[in-house]
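> Output the structure for:
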Amino acid sequence: MEDTTRKTCYEGTAVQDFKLFRERSRELVVIVPCLREILHQEFNRTGSDKNILDVLGVGSGGGELDVPMLTVLHSKLPDILIRAEIVEGSNELTSHFKALISKTPNLQKIPFVWNSMRSEEYMSRVKATGDVKKFDFIHMIHMIYYVDDLAETISFYHSLLKDDGRLLILLSAEKNGWDTLWKTCQKDWINRYCSSGEVIACAKSLGLKYKELSIPNQFDITDCFDPSSQTGKGLLNFITAKDNFYESLTPEIRSGILDLLRHKCSTEKDGRVMFDSKLSCILIHA
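Okay, the predicted model is just below:
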């Protein structure tokens, strides 16, 4: 396995807040069946005539979604060599990814290339060296929010697709709770944000063919309204992208955000506050 070590993204307490969010939101439960269906459909069409399948994961985190996807591809295409390349800025999450692979016997023969860097660093390296590798399947799951230039990023990774390749972008759906929160607060403490609406508009402007699938989801954020709850604090840290919600923001801004979360981003059900976390899966054709 090849390894390139560079600066990281999620580390330390940010990783813990991310894991808490993943556990509470149950996103893996709703995302994995959708990804399985997409992979079955797409590689029924293109997989049978290949000897090698090249997969690129951008912002793969701890591999919780890469491992199920690679497992599906391996089971569906057992006679094809699958090669995986990963771009991930967090060393801590990459270590978790490697540990998952070690516990998944059918993936241990897949050769991996590990790039410990941000997407922008990977793009710059490829452009500088001219070493352009093409892929059958590229996925960007919950990472497009963090890129510096949306159009440049989509255009670049689309250019890395083989003739019949697919670029999968999974992110928050337009007008869900995240979209409402981040766009309302954008002037105060969020530098940039995008939802499925911006990605689709970008794909259209670039003249790319795509299809969109909706994934309904919601999760319980009632603990966020209890200042003594450690779970609530961790969720608020992740939701607001702040290391410490209560210390990083003024009382006025905190109050406004909590009101927004309760009344505009969520619905109440059986006395619980349920955050609207609807997802969008956008599949862009080569």
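
> all strands for the stretch 151-286 of the chain, in order.
Using DSSP state E, counting those that start in this stretch, the strands of the stretch 151-286 of the chain run over 161-172, 210-215, 218-220, 266-269, 272-276, 279-285.

> Touching stretch 247-266 from outside, list them.
177-178, 180-181, 184-185, 188-189, 218, 221, 224-225, 239-240, 242, 245-246, 273-276 (C-beta atoms under 8 Å, 6 or more residues apart in numbering). C-beta: built from backbone N, CA, C; applies to glycine.

> Low-confidence stretches in the stretch 51-200 of the chain?
187-192 (pLDDT under 70).

> List the buried residues in whatever helix or strand Leu70 lives in.
Following DSSP states H and E, one finds Leu70 within helix 66-76. Residues Asp66, Val67, Pro68, Met69, Leu70, Val72, Leu73, His74, Lys76 are the ones in helix 66-76 that count as buried (16 or more other C-beta atoms under 10 Å).

> One more: stretch 32-42?
For stretch 32-42, burial by neighbour count (16+ other C-beta under 10 Å) applies to Val32, Leu35, Ile38, Leu39, Glu42.

> ok, and what's touching it?
65, 68-69, 72-73, 76, 137, 166, 168, 170, 213, 215, 281, 283.

> 10 Å - rerun?
28, 47, 64-73, 76-77, 136-137, 139, 141, 164-166, 168, 170, 211, 213-215, 279, 281, 283, 285 (C-beta atoms under 10 Å, 6 or more residues apart in numbering).

> which of these count as buried?
The buried subset of those - by 16+ other C-beta under 10 Å - is 47, 64-70, 72-73, 76-77, 136-137, 139, 141, 165-166, 168, 170, 215, 279, 281, 283.

> next SSE after the helix holding Leu70?
Next helix or strand after helix 66-76 toward the C-terminus (DSSP H and E): strand 81-87.

> Which elements pack onto whichever helix or strand comes after that next one?
Downstream of strand 81-87, the first helix or strand assigned by DSSP H and E is helix 91-102. With contacts taken as 3 or more C-beta pairs under 10 Å, 6 or more residues apart in numbering; DSSP states H and E, helix 91-102 sits against helix 13-25, helix 66-76, strand 81-87, strand 112-115.

> I figured Phe275 was touching Gln218, is that so?
Yes. Applying C-beta atoms under 10 Å as the test, Phe275 and Gln218 come out as touching, 6.0 Å apart.

> Between those two, which has more neighbouring residues?
Of the pair Phe275 and Gln218, Phe275 is the one with more neighbours under other C-beta atoms under 10 Å, namely 24 against 19.

> Can you give me every residue that contacts that one?
Contacts of Phe275 by C-beta under 10 Å, 6+ apart are 24-25, 176-178, 181, 217-222, 224, 235, 239, 261-262, 265-267.

> make it 8 Å
Gly177, Gln218, Phe219, Asp220, Ile221, Ile239, Leu261, Cys265, Ser266.

> Count the neighbours of the fifth one for me.
Put plainly, it is Ile221. 25.

> From what I see, it and Lys269 are in contact.
No. Look at Ile221 against Lys269 with C-beta atoms under 8 Å: they stay out of range, at 11.8 Å.

> Which neighbours do those two have in common?
With C-beta under 8 Å, 6+ apart, Ile221 and Lys269 have no common neighbours.

> just to revisit the earlier point, restricted to helices, list the buried residues of stretch 32-42.
Counting by DSSP state H, those place Val32, Leu35, Ile38, Leu39, Glu42 in helices.

> Look up how far Leu161 lies from the second one.
In this view, Leu35 and Leu161 are 18 Å apart by C-beta to C-beta, to the nearest Å.

> Ok, the third one next?
Ile38 sits at a distance of 15 Å from Leu161 (criterion: C-beta to C-beta).

> Could I get the ones in helices among the buried residues of stretch 32-42 in a markdown table, plus columns for distance to Val58?
Formatted as a markdown table, these follow (distance: C-beta to C-beta, whole Å):
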| residue | distance to Val58 |
| --- | --- |
| Val32 | 18 |
| Leu35 | 15 |
| Ile38 | 17 |
| Leu39 | 17 |
| Glu42 | 18 |
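
> want to throw those residues into TSV with distance to Ala201 and pLDDT?
Listed next are those as TSV, based on distance: C-beta to C-beta, whole Å; pLDDT from 0 to 100:
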residue	distance to Ala201	pLDDT
Val32	28	93
Leu35	24	92
Ile38	22	90
Leu39	26	90
Glu42	24	86
